[in-house]
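1. here's a sequence, model it:
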Amino acid sequence: MRLLYLLMGLILLVAGFLHLQTQSHPQLKFNSLTDRLTHPFDSRLRFRVDQVDPGFDLSREEVIQLSKEAVEIWHHGTGRKDLMVYDENAKLAIKLIYDQRQQEYNALKQTTQKLLQDEAQYQRQAENLSSSKQYIDQQHQRLAQQRIQLEAELQQLLQQRNQPGLSAYEQQQLHQQFEAFQQRAEQFQHEANYLQQQQLAFNNQVSSYQSNVKQHENNITLAQQRFPPREFHKGVFKGDEIHVYQFDAKDDLRLTLAHELGHALGLLHHNDPEALMYPVLGQQKLKNFELRPADKTLLYTRK
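-> Alright, predicted model coming up:
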């Protein structure tokens with residue numbers, strides 16, 4: 001009987017200790033009982049990387065390293081080292097799950113990249129067409145002035161030829177002037193014909209450009225229909241597991257892990273769009289991210 005009382009007392013003592021421990025360090029409720037008993041004075045949240053779907057093209061070792069870097073975001077931002085630690089025997093498991101969400105995001109990214117490439121190409125084409133139009137307009141103006149000059153010169157030559165009493169020398173000079181005029185007129189016609197060909201080619205280019213731009217606009221409409229605006233939730237904290245099922249690159253994954261680990265610390269979301277704990281990751285600085293005051297406030301006021 002005494003042994004039973006001692007055992008019950010020990011159980012109550014351990015339960016009381018665990019309760020006080022959880023009150024002081026809320027994140028410990030996500031650690032396993034074994035973790036808490038084997039590390040009774042260690043208040044750090046313990047976690048591990050459990051599953052990495054090969055569809056993400058990342059090794060488990062790479063994800064482990066990124067998870068440790070995610071921890072450093074919290075430790076560096078708070079000046080503390082007692083929040084989280086990686087432990088292969090931890091209860092809290094991180095799983096990278098590749099499903100239709102990542103497939104859809106990859107399709108969206110590829111479509112967006114293609115549309116941006118097309119947009120850049122059409123912008124270059126528009127600039128080239130603008131330069132071509134400016135050149136053709138200049139050539140039209142030059143030939144128009146040259147036409148006026150040739151018409152004036154022709155009228156002058158005709159007037160000279162119609163003058164009575166021209167000497168043989170004057171007639172010879174006038175004949176030479178007509179021949180020179182004829183050569184210039186032929187050269188003018190040659191340039192006019194060439195400019196007309198350039199104008200036709202330019203018109204075809206404009207027509208092709210307009211057709212391509214219209215198709216591009218149709219592609220944008222189709223993309224908007226296929227990928228309507230919505231929030232992409234990259235992961236979820238489930239108490240004993242963290243599921244990540246969508247990210248763009250390693251920098252994005254690091255922040256996603258830090259965000260979900262923040263939930264494991266007991267933090268809710270914040271309305272600061274640049275904060276780590278904002279519901280949607282998008283406006284945060286991916287490289288060299290530092291905790292925002294909003295994140296620290298959530299941590300210090302957590303219950």
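
2. only C-alpha atoms for contact and neighbour calcs from this point on.
-> Fine.

3. who touches stretch 174-194?
-> With contacts defined as Cα atoms under 8 Å, 6 or more residues apart in numbering, stretch 174-194 is touched by Leu143, Gln146, Arg147, Leu150, Leu154, Leu157, Gln160, Arg161.

4. please apply the same query to stretch 253-268.
-> For stretch 253-268, contacts defined as Cα under 8 Å, 6+ apart pick out 26-27, 30, 45, 66-67, 69-71, 73-74, 83, 234-237, 239, 242, 244, 247, 276-277, 281, 286, 298-299, 302-303.

5. alpha carbons only: can I get that stretch in PDB?
-> What follows is stretch 253-268, C-alpha atoms only, in PDB (Å, rounded to 0.1, in the frame of the first residue of the first chain):
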ATOM      1  CA  LEU A 253      10.600  26.800 -48.000                       C
ATOM      2  CA  ARG A 254      12.900  28.100 -45.200                       C
ATOM      3  CA  LEU A 255      10.400  30.800 -44.400                       C
ATOM      4  CA  THR A 256       7.400  28.400 -44.700                       C
ATOM      5  CA  LEU A 257       9.100  26.100 -42.100                       C
ATOM      6  CA  ALA A 258       9.800  29.100 -39.800                       C
ATOM      7  CA  HIS A 259       6.100  30.200 -40.100                       C
ATOM      8  CA  GLU A 260       4.800  26.700 -39.200                       C
ATOM      9  CA  LEU A 261       7.300  26.300 -36.400                       C
ATOM     10  CA  GLY A 262       6.000  29.600 -35.100                       C
ATOM     11  CA  HIS A 263       2.500  28.000 -34.900                       C
ATOM     12  CA  ALA A 264       4.200  25.100 -33.000                       C
ATOM     13  CA  LEU A 265       5.500  27.700 -30.500                       C
ATOM     14  CA  GLY A 266       1.900  28.600 -29.900                       C
ATOM     15  CA  LEU A 267       1.700  31.700 -32.100                       C
ATOM     16  CA  LEU A 268      -1.400  32.800 -34.100                       C
END
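
6. can you give me the mean pLDDT across that stretch?
-> When pLDDT is averaged along stretch 253-268, the result is 92.

7. Gln149 - how many residues pack around it?
-> Close neighbours of Gln149, defined as other Cα atoms under 10 Å, add up to 12.

8. nope, Gln121 is what I meant
-> Residue crowding around Gln121 was assessed by other Cα under 10 Å; the count is 12.

9. do Ser131 as well
-> Applying the criterion other Cα under 10 Å, we find 12 residues in the vicinity of Ser131.

10. ok so, going back, and the buried ones among the contacts of stretch 174-194, selectable in PyMOL?
-> Here is the PyMOL selection string for the buried members of those, based on 16 or more other Cα atoms under 10 Å:
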select buried, resi 143+147+150+154+157+161
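
11. filter the contacts of stretch 174-194 down to the ones in helices?
-> Leu143, Gln146, Arg147, Leu150, Leu154, Leu157, Gln160, Arg161 (DSSP state H).

12. mind listing what the third one touches?
-> If I follow you right, that is Arg147. So Arg147 contacts Phe188 (Cα under 8 Å, 6+ apart).

13. that one and Glu186: what is the separation?
-> Taken as Cα to Cα, to the nearest Å, the spacing of Arg147 relative to Glu186 amounts to 12 Å.

14. which of the contacts of stretch 253-268 count as buried?
-> Members of the contacts of stretch 253-268 that pass the buried threshold by neighbour count (16+ other Cα under 10 Å) are listed as 26-27, 30, 45, 66-67, 69-71, 73-74, 83, 234-237, 242, 244, 247, 276-277, 281, 286, 298-299.

15. and the pLDDT at Asn218?
-> Reading off the confidence values, Asn218 has pLDDT 93.

16. same question but for Ser32, I mixed them up
-> In this prediction, Ser32 has a pLDDT value of 63.

17. ditto for Pro279
-> 85.

18. which non-adjacent residue is nearest it?
-> Closest residue to Pro279 apart from its sequence neighbours, by Cα to Cα, 6 or more residues apart in numbering: His269 at 5.8 Å.

19. for that neighbour, helix, strand, or coil?
-> coil (DSSP: H, G, I helix; E, B strand; the rest coil).

20. and the gap between it and Leu166?
-> As judged by Cα to Cα, His269 and Leu166 stand 103 Å apart.

21. mind jotting down where the strands sit in the stretch 51-200 of the chain?
-> Remark: strands of the stretch 51-200 of the chain, listed N- to C-terminal, are 84-86, 92-96; assignment by DSSP state E, counting those that start in this stretch.

22. picking that back up, looking at the contacts of stretch 174-194, which is nearest Asn204?
-> Out of the contacts of stretch 174-194, the one with the shortest distance to Asn204 is Leu143. That distance is 22.1 Å, counting by Cα to Cα.
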